[in-house]
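attaching a predicted model along with its sequence, questions to come.
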Amino acid sequence: MKGHESTPSSHLAIAVDRSGMDAIVRLNGRIDVDSSPDLRDCLLVILSGKELVHAVTIDLSDVNHVEASGIATLVEALKIAGPRQIRLHLQGLHGSALRLFEVTGLLPLFETIHGGKGVA
């Protein structure tokens with residue numbers, strides 16, 4: 001099952017691909033104060049939805065900028081996923097976004113997959 005959500009005003013495109021009990025959230029653009037609420041809403045639907053998921057992969061391969069609000073959104077998703085025993089992966093983390101996760105000390109909290117655009 002595929003779902004697409006685009007947030008033109010915030011310069012972030014969100015595409016969700018589902019395969020069985022797994023979901024891949026593909027992001028393209030900037031995760032900032034304007035786009036974080038859309039990303040949050042998307043992740044809440046997946047993590048709290050009626051359809052059970054075992055793993056959610058967030059593909060950041062095509063994300064060129066992440067602000068603190070984006071980090072907060074991903075940490076919130078991690079906190080929701082944990083008690084529900086849903087594995088949350090970050091895929092394709094690179095450049096300044098990777099450095100931000102490293103500098104904040106949050107990278108070890110997340111399972112990471114190197115590369116991008118593949119299936120987890």
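Thanks, I have the structure now.

part of a strand, is residue 50?
No. Per DSSP: H, G, I helix; E, B strand; the rest coil, residue 50 lies outside any strand segment and is coil.

that one - how many residues pack around it?
Neighbourhood size, residue 50 [other CB atoms under 10 Å]: 5. Every residue, glycine included, has its C-beta placed from N, CA and C.

now the one 3 residues further on
One way to gauge burial is a neighbour count; for residue 53, by other CB under 10 Å, it gives 18.

need the three-state assignment for it.
Classified using three-state DSSP, residue 53 is coil.

can you report phi and psi for it?
When quoted as degrees, to the nearest 10, the phi and psi of residue 53 stand at phi -130, psi 150.

residue 93 contacts residue 106, doesn't it?
No. In this structure, residue 93 is not within contact of residue 106 by CB atoms under 8 Å, at 10.9 Å.

show me where this structure has its helices.
Residue ranges of the helices in the chain, as given by DSSP state H, are 36-48, 68-81, 95-104.

so what's residue 113 closest to, chain neighbours aside?
residue 91 (4.2 Å; CB to CB, 6 or more residues apart in numbering).

so that neighbour sits against residue 56, correct?
No. When contacts are counted by CB under 8 Å, residue 91 is not listed as touching residue 56 (10.5 Å).

residue 100 and residue 69 touch, don't they?
No. In this structure residue 100 lies outside contact range of residue 69 using CB under 8 Å: 11.6 Å.

and residue 111, bridged to which residues?
Counting by DSSP bridges, residue 111 is bridged to residue 89.

residue contacts, it?
With CB atoms under 8 Å, 6 or more residues apart in numbering as the criterion, the residues that contact residue 111 are 87-90.

are any of the residues you listed buried, and if so which?
88-90 (16 or more other CB atoms under 10 Å).

just put the residues you listed in a markdown table and tack on pLDDT.
What follows is the buried ones among the contacts of residue 111, written out as a markdown table (pLDDT from 0 to 100):
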| residue | pLDDT |
| --- | --- |
| 88 | 95 |
| 89 | 95 |
| 90 | 96 |
